[in-house]
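Q: model the following, please.
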Amino acid sequence: MEIDVREQPTRTVAVVRREVRMDELAAFYDTAYGEVARAVGEAGARIAGPALGWYHGMPAETVDVAAGFPVEGVEVGPLEGRVEVVEIAGGRSLVALFVGPYDDLGAAWQEVEARRAQDGTDGRGDFWEEYVTDPSPDGDPSRNETLLVLPLA
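A: Purely as a prediction, here's the structure:
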């Protein structure tokens, strides 16, 4: 997996953010993505990129995570229900494209973190995953593509 330093743009995203137990993360994603897609459609906006999971702090038994999509055509602020539109600040980041099953994302993030430590840089405290391929029940998990982004301080 190649890890590069890239400048990331600021992104406008519609998300549901919650503190979630790690064993409930998949169910949270499934529910949140549906909520966000409905709210964005009802607001007359459009989804403008792949699904993402935006993490705040390091996961432990629980994780502070926001799940949703980049959007266009809607202002920052609350939408329907638990959905809100926010900005993810851009800036210098470590970026890697991981190809493989979601169960292996932890090891991929360890590689990104090792690179950060090797470079002597600090993370800003958040990081995200962009799920480039849309997984399907009949698909091959080893072909999932996930963009890993670790913003630097």
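Q: helices or strands up against the top helix by length along the chain?
A: If you go by DSSP state H, the chain has its longest helix at helix 25-42. Judged by 3 or more Cβ pairs under 8 Å, 6 or more residues apart in numbering; DSSP states H and E, helix 25-42 is in contact with strand 11-21, strand 46-47, strand 62-72. For the C-beta atoms, the positions are set from N, CA and C on the backbone; glycine is no exception.
Q: the ones you listed into CSV, with extra columns for mean neighbour count and distance to residue 127?
A: Output for those, formatted as CSV (neighbours: other Cβ atoms under 10 Å; distance: least, Cβ to Cβ, whole Å):
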stretch, mean neighbour count, distance to residue 127
strand 11-21, 19, 13
strand 46-47, 16, 21
strand 62-72, 20, 11
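Q: switch those over to JSON lines; also include mean pLDDT.
A: Listed next are the helices and strands packed on helix 25-42 as JSON lines, based on pLDDT from 0 to 100:
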{"stretch": "strand 11-21", "mean pLDDT": "97"}
{"stretch": "strand 46-47", "mean pLDDT": "97"}
{"stretch": "strand 62-72", "mean pLDDT": "97"}
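Q: okay if I get those strands as JSON lines plus distance to residue 101?
A: Conversion of the helices and strands packed on helix 25-42 to JSON lines gives the following (distance: least, Cβ to Cβ, whole Å):
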{"stretch": "strand 11-21", "distance to residue 101": "20"}
{"stretch": "strand 46-47", "distance to residue 101": "24"}
{"stretch": "strand 62-72", "distance to residue 101": "19"}
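Q: tell me who's in contact with the residue most central in space within the chain.
A: In the chain, the C-alpha nearest the mean C-alpha coordinate belongs to residue 53, at 2.6 Å (Cα atoms, centre = their mean). Applying Cβ atoms under 8 Å, 6 or more residues apart in numbering to residue 53 gives the contacts 29, 65-67, 128-129, 131.
Q: any idea whether it is helix, strand or coil?
A: When classified by DSSP: H, G, I helix; E, B strand; the rest coil, residue 53 comes out as strand.
Q: name whatever forms a beta bridge with it.
A: Beta-bridge pairing of residue 53 under DSSP bridges involves residue 67, residue 129.
Q: so it versus residue 19, what's the distance?
A: Look at residue 53 and residue 19: by Cβ to Cβ, to the nearest Å, they are 14 Å apart.
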